[in-house]
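Novice: model the structure of this input:
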Amino acid sequence: QVQLVESGGGLVQAGGSLRLSCAAPGRTFSSGPMGWFRRPPGKEREFVAAISWSGGSTYYADSVKGRFTISRDNAKNTVYLQMNSLKPEDTAVYYCAASTPPGPYTRPYEYDGWGQGTQVTVSS
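Specialist: Okay, here's the model as predicted:
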């Protein structure tokens, strides 16, 4: 099971940007798909974005399409989530997740490695 560490969360005003990072210290996850999920206050965890092992395929939730971009740097064992035009409804704890090929996947049970989460708060 891959251990992941997210960073980059924080407080931002609506319309602003943040970039989240997800690293796997001491591990290599270049062979598998990766995903980002989030849990808004009082709600269930939901899919945000996913990327294939090569980075050639990406999926996005409709709510973030056109505003968020997922990318990965396998040489650095790091996955990113660039979030632009943030809205108050993007407020959530964001989690990255790792899985095994083929993917990419959009459902939480398809991932077997998770980070501890990073808080993103968007003020209006």
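
Novice: which residues does the residue nearest to the spatial centre of the chain contact?
Specialist: By Cα atoms, centre = their mean, the chain has its centre lying nearest to Trp36, at 2.5 Å. Contacts for Trp36 (Cβ atoms under 8 Å, 6 or more residues apart in numbering) come out as Leu20, Cys22, Val48, Ala49, Ala50, Ile70, Val79, Leu81, Tyr94, Tyr95, Cys96, Ala97. In short, each C-beta sits where N, CA and C put it, glycine included.

Novice: strands of the chain, start to end?
Specialist: Secondary structure of the chain by DSSP state E: the strands cover 5-7, 10-13, 18-23, 34-39, 46-51, 58-60, 68-73, 78-83, 92-98, 113-114, 118-123.

Novice: residues in contact with the longest one?
Specialist: So that's strand 92-98. By Cβ under 8 Å, 6+ apart, strand 92-98 touches 2, 4, 6, 9, 20, 22, 24, 29, 32-41, 45, 48, 79, 81, 108, 111-120.

Novice: extract the CA atoms of stretch 50-62 and return them as CSV.
Specialist: Extracted as CSV, the C-alpha positions of stretch 50-62 are listed here (Å, rounded to 0.1, in the frame of the first residue of the first chain):
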residue,chain,number,x,y,z
ALA,A,50,-7.9,11.3,-12.1
ILE,A,51,-4.8,10.7,-14.2
SER,A,52,-3.4,7.6,-15.9
TRP,A,53,0.1,6.3,-15.1
SER,A,54,1.6,8.0,-18.2
GLY,A,55,-0.4,11.2,-17.8
GLY,A,56,-2.0,10.7,-21.2
SER,A,57,-5.5,10.3,-19.9
THR,A,58,-7.3,12.5,-17.4
TYR,A,59,-10.9,12.5,-16.0
TYR,A,60,-12.6,15.4,-14.2
ALA,A,61,-15.8,15.8,-12.3
ASP,A,62,-18.3,18.1,-14.1
